[in-house]
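Colleague: return atomic coordinates for the entry below.
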Amino acid sequence: MIGAFLLYMTITDYEPKPVIPLKVTNNTNHLLKPGVPFTVTTFNIGYAGLDKNQDFFMDGGSRSGSTSKEQTLSNLNGILKFLKKEASSFYLLQEVDVDSSRSFHINQTTAIQRQFPGYGMVFAQNYLVPWVPVPVFDPMGSVNSGLVTLSSYKLKQNTRYSLYGKEDWPQQLFDLDRCITEHRIPVENGNELILVHVHLSAYDKGGKVRKQQLTFLKEFIQRHVKAGHYLIIGGDWNHLIPGTNPKRFQSTESWPEWMQTIPPDFLPKGFSWVADPQVPTSRTLAIPYKNGVNFKSNIDGFLVSPNVTVKKVYGHPLEFDYSDHNPVTAQFILN
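Modeller: This next block holds a predicted model:
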């Protein structure tokens, strides 16, 4: 029985091409201007299921999905209300479900698009599995999910790039197919802003897959540096953002095994890390959220090229009400 199931999963395994062009829904014609501020918000919405009352089996908890359809909708409404109020120029949203058991098959991309009619939207699949059979007594089930990028400026070209590295078979059959998305945004001076949306691996033992993913990103960045583009890379890095320190946040839990740091030699010359060290963006999920107990850290933020000025950055202390992440926003100016 198990053998037949693994054979089926192997045959139906989602294997995206290394490079895939992505479509834009409702693209705009607004152009970025040098010297004019704009904002980018990154938020891992945790499929609107990982609210403060939730735990997660991969992090030591027991649950694999949202509590109920009603709670999922309540979380999603809270997330959308926050996003609308923030009114950022760009949004980078991770773990957005299209049709998944864990979020009661609510199409979250449709809900997002409905709330942002003036924005172009790009979706990139990074998780498509017919059935995730764990945990045994509460399986995650079917998953159809990915990254959503929203833009109030014209998106010239959008591309999905598969990241290096995979877990060993058969685990890889049930894992995300990690990727980045590259968004080319024309600037009035004839240059381009390359906005890169990232969501790196989390539970790879010893960070072995993440090391390969960082190698890919380093090579990717160097190609754009040579071309002289403006470059902003943002999202959920699933690494401690350099310049932040979890010791700032009270916790009785110890440093989790999955938490990795970014090697100093990864940082390209002249580039800067952008994060708000005073507001945590992530919590552990062994237990529901209890302030002062869960380990908190900054794993969401941005990396920017030297021709991009950072005016300010601020985390949003939502106290993990709707997701296991808090969002972070930065304001930039193209030099």
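
Colleague: how close does the closest residue to residue 186 other than its chain neighbours get to residue 182?
Modeller: Distance criterion Cβ to Cβ, 6 or more residues apart in numbering; nearest residue to residue 186, sequence neighbours excluded, is residue 156 at 5.1 Å. In short, each C-beta sits where N, CA and C put it, glycine included. Distance, residue 156 to residue 182, using Cβ to Cβ, to the nearest Å: 11 Å.

Colleague: so for these two, which sits in the more crowded spot?
Modeller: residue 182 (20 against 14; other Cβ atoms under 10 Å).

Colleague: helices and strands around the host helix or strand of residue 219, which ones?
Modeller: For residue 219, the host element (DSSP states H and E) is helix 208-227. Where contact means 3 or more Cβ pairs under 8 Å, 6 or more residues apart in numbering; DSSP states H and E, helix 208-227 is packed against strand 192-199, strand 230-236.

Colleague: the longest strand along the chain: how far from the chain's middle?
Modeller: Longest strand in the chain by number of residues (criterion: DSSP state E): strand 120-132. Centroid separation between strand 120-132 and its chain, computed with Cα atoms, centre = their mean, to the nearest Å, is 12 Å.

Colleague: and the angle for it with strand 192-199?
Modeller: Angle of strand 120-132 versus strand 192-199, following axes from the mean of the first three to the mean of the last three Cα atoms, to 10 degrees, is 20 degrees.

Colleague: can you name the next helix or strand after strand 120-132?
Modeller: strand 141-151.

Colleague: ok, back up a step: for the residue nearest to residue 186, give me its contacts.
Modeller: 184-186, 192 (Cβ atoms under 8 Å, 6 or more residues apart in numbering).

Colleague: out of those residues, which sit inside strands?
Modeller: Using DSSP E, the contacts of residue 156 in strands are 184-186, 192.

Colleague: what's the closest of those residues to residue 162?
Modeller: In terms of Cβ to Cβ, no member of the ones in strands among the contacts of residue 156 lies closer to residue 162 than residue 184, at 18.3 Å.

Colleague: touching, the closest one and residue 157? I think so.
Modeller: Yes: counting by Cβ atoms under 8 Å, residue 184 touches residue 157, with 4.2 Å between them.

Colleague: what about stretch 86-101, start to end distance?
Modeller: Using Cα to Cα, to the nearest Å, the end-to-end distance of stretch 86-101 comes to 30 Å.

Colleague: can you offset everything so residue one is 49?
Modeller: Sure thing, new numbering starts at 49, so read that last one as stretch 134-149.

Colleague: what is the burial count for residue 67?
Modeller: Neighbours of residue 67 (other Cβ under 10 Å): 11.

Colleague: ok, the one 10 residues further on next?
Modeller: When counting by other Cβ under 10 Å, one arrives at 8 neighbours for residue 77.

Colleague: show me where this structure has helices.
Modeller: Ranges of helices in the chain, per DSSP state H, are 50-59, 117-134, 156-163, 256-275.

Colleague: hang on, the earlier thing: quick check: buried residues in the longest strand of the chain?
Modeller: By 16 or more other Cβ atoms under 10 Å, the buried positions in strand 168-180 come out as 168-177, 180.

Colleague: low-confidence stretches in the stretch 149-298 of the chain?
Modeller: The stretch 149-298 of the chain contains residues with pLDDT under 70 at 215-222.

Colleague: got the angle between the longest strand of the chain and helix 156-163?
Modeller: Using the same axes, to 10 degrees: strand 168-180 against helix 156-163 is 160 degrees.

Colleague: just the CA coordinates for strand 168-180, please, in CSV.
Modeller: Taking C-alpha atoms only, strand 168-180 is exported to CSV below (Å, rounded to 0.1, in the frame of the first residue of the first chain):
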residue,chain,number,x,y,z
GLY,A,168,-0.8,44.2,-10.9
MET,A,169,-0.6,40.7,-9.4
VAL,A,170,1.8,37.9,-10.1
PHE,A,171,1.5,34.3,-8.7
ALA,A,172,4.3,31.8,-8.6
GLN,A,173,3.6,28.2,-7.6
ASN,A,174,6.1,26.7,-5.1
TYR,A,175,4.0,24.0,-3.5
LEU,A,176,1.8,21.5,-5.4
VAL,A,177,1.2,18.1,-3.8
PRO,A,178,-1.8,15.8,-4.2
TRP,A,179,-1.6,14.6,-0.6
VAL,A,180,0.8,15.2,2.3
